[in-house]
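Participant: give me the fold of what follows.
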Amino acid sequence: MNSIIPELVIARAPRIPQARSAARAAAAGHAVRWDEVLGAAVASRVDVEALDAIAELRSVGAGQVVFARGQSSRALVVLLSGDVAMGVAAAGGAMRTERLVHGPAWLDPSSVWLDGAHVLDAVALTPVRVAELARDPLQTLLDQRPQLAKCLLVSLAREVHRLTAHTHELMHKDAPARLASWLCARQSADGAQANRGVVQLVERKSDIASQLGMTPETMSRLMRNLSDRGVIEVEGYTVRVLDLKALRRIGGT
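Facilitator: You can find the predicted model right below:
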């Protein structure tokens with residue numbers, strides 16, 4: 001496998017101003033599927049409209065910073081679409097990726113509640129759209145709408161659960177199992193066969209290997225091994241899962 005995209009050239013993304021008005025709420029409502037973000041149906045249409053009214057929308061180009069490590073966290077950031085690398089940006093613009101986030105998803109769901117700063121850099125791998133929920137208006141809204149507060153709490157707890165499971169895999173699974181689990185999580189139903197899926201690689205090999213706790217060389221060797229065994233098929237940036245049951249067995253899932 002070759003590097004999927006060139007080295008990230010990290011630059012700050014310009015903020016796109018949005019008027020605090022009914023027009024902005026309508027735009028947010030068109031762009032944000034809160035049921036997908038929260039992972040469950042929002043309590044009511046009124047709750048959706050209330051979230052739309054405080055959501056600040058932003059577009060970020062590939063290679064640009066969504067937020068920086070050490071930057072004060074004043075809003076809960078929702079990745080609506082696209083792919084973001086979370087890690088530490090080194091001198092010269094290189095990025096040491098610790099995990100990859102695919103929208104819709106939360107980005108750093110904890111710092112905003114702790115009056116803290118972001119602990120990782122977030123850099124767009126592809127063009128992305130984000131929504132920012134400023135903490136004070138969001139806190140007021142949650143105080144007024146307990147059902148919405150419950151939905152948000154469950155959604156953030158689900159993210160913590162996912163991160164805990166990822167940490168467990170890094171500590172207790174061997175390299176083949178970690179790669180197989182990652183492919184299982186990323187594969188999407190192809191429709192042609194029940195056990196066939198497709199993984200589109202948009203990240204560099206080094207980024208994927210970094211989040212899986214292995215070297216790029218080890219990852220390439222493991223991909224070749226899975227391909228030789230007929231578990232997957234690699235064509236350029238596309239990985240086809242030929243035997244999902246075998247892949248799950250290798251991944252211990």
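Participant: domain ranges for this protein?
Facilitator: Following automatic domain parsing, one gets these domains for the chain: 11-169, 174-251.
Participant: make JSON lines out of those domains and add mean neighbour count and mean pLDDT.
Facilitator: Placement of C-beta: from N, CA and C, glycine included. Compiled in JSON lines, those are given as follows (neighbours: other Cβ atoms under 10 Å; pLDDT from 0 to 100):
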{"stretch": "domain 11-169", "mean neighbour count": "17", "mean pLDDT": "82"}
{"stretch": "domain 174-251", "mean neighbour count": "17", "mean pLDDT": "82"}
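Participant: make sure Leu247 is indeed in a helix.
Facilitator: Yes. Applying DSSP: H, G, I helix; E, B strand; the rest coil, one finds Leu247 inside a helix.
Participant: so it makes contact with Leu183?
Facilitator: Yes. The pair formed by Leu247 and Leu183 meets the contact definition of Cβ atoms under 8 Å, at 6.0 Å.
Participant: what sits in contact with each of the two?
Facilitator: Residues touching both Leu247 and Leu183 (Cβ atoms under 8 Å, 6 or more residues apart in numbering) are Leu226, Ile232, Val241.
Participant: in helices, which of the residues you listed fall?
Facilitator: Among the shared contacts of Leu247 and Leu183, the subset assigned to helices under DSSP state H consists of Leu226.
Participant: in this structure, which spans are strands?
Facilitator: In the chain, strands defined by DSSP state E lie at 11-12, 55-60, 64-67, 75-81, 83-89, 95-102, 105-107, 121-124, 128-134, 188-189, 197-200, 232-235, 238-241, listed in chain order.
Participant: among those strands, which is nearest Ser220?
Facilitator: Closest to Ser220 of those, according to Cβ to Cβ: strand 232-235, at 10.1 Å.
Participant: would JSON lines of the strands of the chain with distance to Ser206 be doable?
Facilitator: What follows is the strands of the chain, written out as JSON lines (distance: least, Cβ to Cβ, whole Å):
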{"stretch": "strand 11-12", "distance to Ser206": "20"}
{"stretch": "strand 55-60", "distance to Ser206": "21"}
{"stretch": "strand 64-67", "distance to Ser206": "19"}
{"stretch": "strand 75-81", "distance to Ser206": "22"}
{"stretch": "strand 83-89", "distance to Ser206": "11"}
{"stretch": "strand 95-102", "distance to Ser206": "8"}
{"stretch": "strand 105-107", "distance to Ser206": "21"}
{"stretch": "strand 121-124", "distance to Ser206": "14"}
{"stretch": "strand 128-134", "distance to Ser206": "20"}
{"stretch": "strand 188-189", "distance to Ser206": "24"}
{"stretch": "strand 197-200", "distance to Ser206": "17"}
{"stretch": "strand 232-235", "distance to Ser206": "17"}
{"stretch": "strand 238-241", "distance to Ser206": "17"}
